[in-house]
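Colleague: build me a structure from this.
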Amino acid sequence: MTNFTLADLDAIIAARAASDDEMSYTRKLMGKGVAKCAQKLGEEAVEAAIAAVQHDRG
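Modeller: Numbers count the residues shown, from 1 in each chain. Prediction:
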(Lines give C-alpha, C1' and ligand atoms only; values in the text may rest on other atoms or scores of the structure.)
Protein backbone atom coordinates (compact mmCIF):
# COMPACT_ATOMS: atom_id res chain seq x y z
CA MET A 1 0.00 0.00 0.00
CA THR A 2 1.17 3.53 -0.68
CA ASN A 3 1.01 6.71 1.36
CA PHE A 4 -0.04 8.69 -1.73
CA THR A 5 -3.16 10.72 -0.98
CA LEU A 6 -5.73 12.75 -2.89
CA ALA A 7 -4.05 15.82 -1.39
CA ASP A 8 -0.81 14.74 -3.06
CA LEU A 9 -2.63 14.33 -6.37
CA ASP A 10 -4.25 17.76 -5.95
CA ALA A 11 -0.84 19.36 -5.39
CA ILE A 12 0.62 17.68 -8.49
CA ILE A 13 -2.31 18.75 -10.68
CA ALA A 14 -2.18 22.33 -9.36
CA ALA A 15 1.56 22.58 -10.00
CA ARG A 16 1.25 21.21 -13.52
CA ALA A 17 -1.75 23.41 -14.34
CA ALA A 18 0.21 26.50 -13.24
CA SER A 19 3.32 25.43 -15.14
CA ASP A 20 4.80 27.43 -17.99
CA ASP A 21 5.55 24.15 -19.79
CA GLU A 22 3.87 24.37 -23.20
CA MET A 23 4.07 20.56 -23.50
CA SER A 24 2.22 19.87 -20.23
CA TYR A 25 -0.77 17.63 -20.97
CA THR A 26 -2.36 18.62 -17.66
CA ARG A 27 -2.02 22.31 -18.46
CA LYS A 28 -3.57 21.80 -21.89
CA LEU A 29 -6.43 19.73 -20.45
CA MET A 30 -7.15 22.29 -17.74
CA GLY A 31 -7.25 24.98 -20.41
CA LYS A 32 -10.11 23.13 -22.14
CA GLY A 33 -12.39 23.62 -19.14
CA VAL A 34 -14.19 21.68 -16.46
CA ALA A 35 -16.31 19.56 -18.82
CA LYS A 36 -13.24 18.20 -20.64
CA CYS A 37 -11.49 17.52 -17.33
CA ALA A 38 -14.59 15.69 -16.07
CA GLN A 39 -14.68 13.60 -19.25
CA LYS A 40 -11.03 12.59 -18.79
CA LEU A 41 -11.60 11.80 -15.11
CA GLY A 42 -14.55 9.59 -16.09
CA GLU A 43 -12.44 7.74 -18.66
CA GLU A 44 -9.71 7.09 -16.10
CA ALA A 45 -12.27 5.96 -13.51
CA VAL A 46 -13.69 3.39 -15.93
CA GLU A 47 -10.19 2.07 -16.65
CA ALA A 48 -9.48 1.81 -12.91
CA ALA A 49 -12.76 -0.02 -12.29
CA ILE A 50 -12.04 -2.54 -15.07
CA ALA A 51 -8.53 -3.11 -13.73
CA ALA A 52 -9.95 -3.63 -10.24
CA VAL A 53 -12.38 -6.36 -11.30
CA GLN A 54 -9.60 -8.02 -13.29
CA HIS A 55 -7.31 -7.86 -10.22
CA ASP A 56 -4.78 -5.89 -12.27
CA ARG A 57 -2.84 -3.94 -9.67
CA GLY A 58 -0.65 -2.41 -12.38
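Colleague: and the residue nearest the centre of the protein?
Modeller: In the chain, the residue lying closest to the centroid (CA atoms, centre = their mean) is Leu41, at 6.4 Å.
Colleague: can you tell me how far that one sits from Leu29?
Modeller: 10 Å (CB to CB, to the nearest Å). For the C-beta atoms, the positions are set from N, CA and C on the backbone; glycine is no exception.
Colleague: same question, Ile12
Modeller: Ile12 is 13 Å from Leu29, by CB to CB.
Colleague: the two: which has the busier surroundings?
Modeller: Set side by side, Ile12 and Leu29 show more neighbours around Leu29, with 17 against 12, by other CB atoms under 10 Å.
Colleague: quick one on the thing from earlier: quick one, grab the pLDDT at the residue nearest to the centre of the chain.
Modeller: As predicted, Leu41 sits at a pLDDT of 94.
Colleague: list the buried ones in the helix or strand hosting it?
Modeller: For Leu41, the host element (DSSP states H and E) is helix 34-53. Going by neighbour count (16 or more other CB atoms under 10 Å), the buried part of helix 34-53 is Cys37.
Colleague: packing partners for that helix?
Modeller: helix 25-31 (3 or more CB pairs under 8 Å, 6 or more residues apart in numbering; DSSP states H and E).
Colleague: quick check: buried residues in the helix it packs on?
Modeller: Those would be Thr26, Arg27, Leu29, Met30, for helix 25-31 by 16+ other CB under 10 Å.
Colleague: thanks a lot, catch you later.
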